[in-house]
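Novice: what follows is a predicted structure for the sequence shown.
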Amino acid sequence: MNLFYQPGISNGIHYLDPDESRHCSKVLRKKTGDVIQVTDGIGNLYQVMLTESKIDTCSFKIESTQQEAKRSYNIHIAIAPTKNPDRTEWFVEKAIEIGVDEISFLLCDNSERAALKTDRLQKLAISAMKQSLRYTLTKINHMVLLKDFVISPHDSSKFIAYVDQTNPDHLLRQASPKASYVVLIGPEGDFSKKELELAMAHDYKRVSLGTNRLRTETAGLAACHILNLINS
């Protein structure tokens, strides 16, 4: 199944944007009268019939609608972006394919990147949502200071992944199923001791992701995968 994205469909926007239209009409060669699937990114799948198929605009009428089954858990990964933007993009794409509901970016004491443009990440999120045939778009947040993120309220089970070979508390054993989670993932130099203490003072539990030392993007993906496995 090829999935298309139109966030305004419930507000009467019954056509694809130029990029989606080009892919539909030119790449997939869909014609007037063909049936395609469109999501609004908030959990709804629409089966629609094309009423016009042009390279810049594909119009349609809705035939039927179905809702995505709601998950019994929610995963929010807050991660320091990597120095190489390709690795951050890789994380976003793969985490969405595995299943993540929200991604935030943190500016930490040891961060390698102090600024981040999220426009491209948003496009990657849409592409990954369609690739994995999900109907809910992952929320991508702008970068914030770790301090500001930690002190803000989160009605979730809160964890901070910290490189510590003596820490036996693996995320797999500390997280309970059917819950909301927020996991902090630090930069290559890890969180500073001050940041760790601040997080723990705000009820973040220090956890391990295993005995191996992981790159930032690998750690984020591992946390995402572990939480999905707990709920599988």
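Specialist: All right, it came through fine. None of the values given here were measured: they were computed from a predicted structure. Numbering: from 1, shown residues only.

Novice: I figured Arg120 hits Val92, correct?
Specialist: No: with contact defined as CB atoms under 8 Å, Arg120 does not reach Val92; the gap is 9.4 Å. (C-beta placed from N, C-alpha, C; glycine too.)

Novice: more neighbours: those two, which one.
Specialist: Set Arg120 next to Val92 and count neighbours by other CB atoms under 10 Å: Val92 wins out with 28 against 13.

Novice: how does the protein divide into domains?
Specialist: Here the domain parsing of the chain from automatic domain parsing is 3-67, 74-230.

Novice: with mean pLDDT added, can I get those domains in a markdown table?
Specialist: What follows is the domains of the chain, written out as a markdown table (pLDDT from 0 to 100):
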| stretch | mean pLDDT |
| --- | --- |
| domain 3-67 | 96 |
| domain 74-230 | 94 |
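
Novice: deepest-packed of those domains, please.
Specialist: Comparing these by mean neighbour count (mean count of other CB atoms under 10 Å), domain 74-230 ranks first with a mean of 18.

Novice: now do the same end-to-end measure for that one.
Specialist: 12 Å (CA to CA, to the nearest Å).

Novice: kindly report the same for stretch 158-169.
Specialist: End-to-end distance for stretch 158-169, by CA to CA: 14 Å.

Novice: contacting residues for Thr216?
Specialist: By CB atoms under 8 Å, 6 or more residues apart in numbering, the residues touching Thr216 are Ile79, Ala80, Thr82, Arg87, Phe91, Ile185, Gly186, Pro187, Glu188.

Novice: does the residue nearest to Tyr15 when sequence neighbours are not counted count as helix, strand or coil?
Specialist: Counting by CB to CB, 6 or more residues apart in numbering, the nearest residue to Tyr15 once its immediate chain neighbours are dropped is Ser59, at 4.4 Å. Using DSSP: H, G, I helix; E, B strand; the rest coil, the structure places Ser59 in strand.

Novice: start at 5 instead
Specialist: Understood, numbering begins at 5; the last thing we discussed is Ser63.

Novice: and Ser63, what does it touch?
Specialist: Ser63 makes contacts with His18, Tyr19, Leu54, Thr55, Glu56, as judged by CB under 8 Å, 6+ apart.

Novice: please report how far the first one lies from Leu49.
Specialist: Spelled out, it's His18. His18 sits 15 Å away from Leu49, taking CB to CB, to the nearest Å as the criterion.

Novice: mind listing the strands for this structure?
Specialist: 7-9, 39-43, 48-57, 62-71, 78-83, 106-111, 143-149, 161-165, 184-189, 209-211 (DSSP state E).

Novice: what helices and strands are in contact with the first one?
Specialist: Meaning strand 7-9. strand 39-43, helix 123-135 (3 or more CB pairs under 8 Å, 6 or more residues apart in numbering; DSSP states H and E).

Novice: partner strands of that strand and their direction?
Specialist: strand 39-43 (parallel) (DSSP bridges).

Novice: do the last one as well
Specialist: For strand 209-211, the paired strands and their directions (DSSP bridges) read strand 161-165 (parallel).

Novice: just the third one next, same as before
Specialist: Neighbouring strands of strand 48-57 in its sheet, by DSSP bridges, are strand 39-43 (antiparallel), strand 62-71 (antiparallel).

Novice: what's next to stretch 120-130, contact-wise?
Specialist: By CB under 8 Å, 6+ apart, the list of residues contacting stretch 120-130 from outside reads 9, 45, 85, 89, 92-93, 96-97, 100, 109, 141-142, 144-147.

Novice: repeat that for 10 Å
Specialist: Residues outside stretch 120-130 that contact it (CB atoms under 10 Å, 6 or more residues apart in numbering): 9, 11, 23-24, 43, 45, 84-86, 89, 92-97, 99-100, 104, 107, 109, 111, 141-147.
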